[in-house]
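Asker: sequence below, structure please.
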Amino acid sequence: MTTPTNDFRVMTSGAFTAAHLELIPQLERLTKKTIVTVTTSVGTGDKSIPNRLKRGEVADIVIVADALLRELIEQGLVLEQGRTPLARSSIGLAVRAGAPKPDVSSLDALRRTFLQAKSVAYSASVSGQYLTTELYQRLGIAEQMLPRSRHIGGGERTGAVVARGEADIAFQQMSELLPVPGIAHITPLPPEVQKVSTFSAGISANTRDADLARAVIKFLASAEATPAITKSGLEPIDERSGMASSQRSSQ
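Answerer: Numbers count the residues shown, from 1 in each chain. Model (predicted):
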């Protein structure tokens with residue numbers, strides 16, 4: 001028998017954090033519990049979500065990129081039943097407030113923008129993996145840019161590093177750049193090289209209340225959560241069809 005607790009623990013990667021924080025008052029009314037949020041990296045460090053779960057750290061729901069959530073399900077850390085896509089996220093870049101707006105109007109312009117930067121900050125999430133293993137190669141600048149690119153771990157946002165003047169370009173999910181003070185010109189990648197990722201929620205294998213976790217995920221996928229998700233720079237996904245809202249409206 002599970003011991004009742006007064007908190008409900010949400011473990012989320014950075015992309016969904018702003019939306020989640022906005023929704024906490026509604027979640028606390030729904031659960032009648034205090035929402036405890038663990039916002040951390042999805043990389044490989046001790047504080048990463050996979051390693052926290054492997055150590056047995058308690059969570060009720062987990063919100064990460066869908067590909068990672070599937071891996072966590074395969075590892076038995078998240079329950080297969082209940083996996084629910086919540087939102088889609090685009091990748092963007094930003095510069096320090098006061099710096100000139102970077103030109104990303106074409107692939108050639110994007111290439112020049114990268115090459116003009118002394119340092120590019122990238123995260124351990126899907127955006128960082130894409131930058132270092134695909135985008136640089138596609139632009140033909142991997143040899144020049146990989147030595148100038150700085151991995152930002154520990155859950156810190158790349159925008160914070162740029163705001164301090166420690167890098168010229170922040171490269172991350174748009175929803176992770178938008179809340180950061182001290183940066184400007186937050187701009188999505190050109191459509192030809194944009195990579196849209198789906199972020200999904202799942203029930204942790206060591207949840208204290210699977211039924212309540214299921215109810216929270218249902219709320220996060222509902223129309224009630226849409227305004228907060230949209231405000232954060234994410235694109236909500238219809239809970240029934242799994243289709244992004246913009247795709248629905250265009251059909």
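Asker: what's the one helix or strand residue 86 maps to packed up against?
Answerer: Secondary structure from DSSP states H and E places residue 86 in strand 84-89. Applying 3 or more Cβ pairs under 8 Å, 6 or more residues apart in numbering; DSSP states H and E, we find strand 84-89 packed against strand 197-203, helix 210-220, strand 235-236. The C-beta positions use only the backbone N, C-alpha and C, and glycine is treated the same way.
Asker: looking at the ones you listed, spot the one closest to residue 180.
Answerer: Of all the helices and strands packed on strand 84-89, strand 197-203 sits nearest to residue 180, with 18.4 Å by Cβ to Cβ.
Asker: so what strands line up beside the closest one?
Answerer: Paired neighbours of strand 197-203 in the sheet (DSSP bridges): strand 61-65 (antiparallel), strand 84-89 (antiparallel).
Asker: show me where the stretch 1-150 of the chain has strands.
Answerer: 7-12, 34-39, 61-65, 84-89, 91-96, 120-123, 149-152 (DSSP state E, counting those that start in this stretch).
Asker: how about the last one: buried residues?
Answerer: Same thing as strand 149-152. Buried residues in strand 149-152, counted by 16 or more other Cβ atoms under 10 Å: 149, 152.
Asker: my read: residue 162 touches residue 184, true?
Answerer: No: contact criterion Cβ atoms under 8 Å: residue 162 and residue 184 do not qualify, at 9.6 Å.
Asker: show me where the stretch 101-250 of the chain has helices.
Answerer: 107-116, 126-130, 136-139, 142-145, 158-163, 174-177, 210-220, 226-231, 245-250 (DSSP state H, counting those that start in this stretch).
Asker: for this structure, which spans come out with low pLDDT?
Answerer: Across the chain, the ranges flagged by pLDDT under 70 are 1-4, 40-45, 238-251.
Asker: for it, what's the longest helix?
Answerer: helix 17-31 (DSSP state H).
Asker: thinking again about what came up before, just how off-centre is the strand holding residue 86 within its chain?
Answerer: 10 Å (Cα atoms, centre = their mean, to the nearest Å).
Asker: now it against helix 210-220, angle please.
Answerer: 40 degrees (axes from the mean of the first three to the mean of the last three Cα atoms, to 10 degrees).
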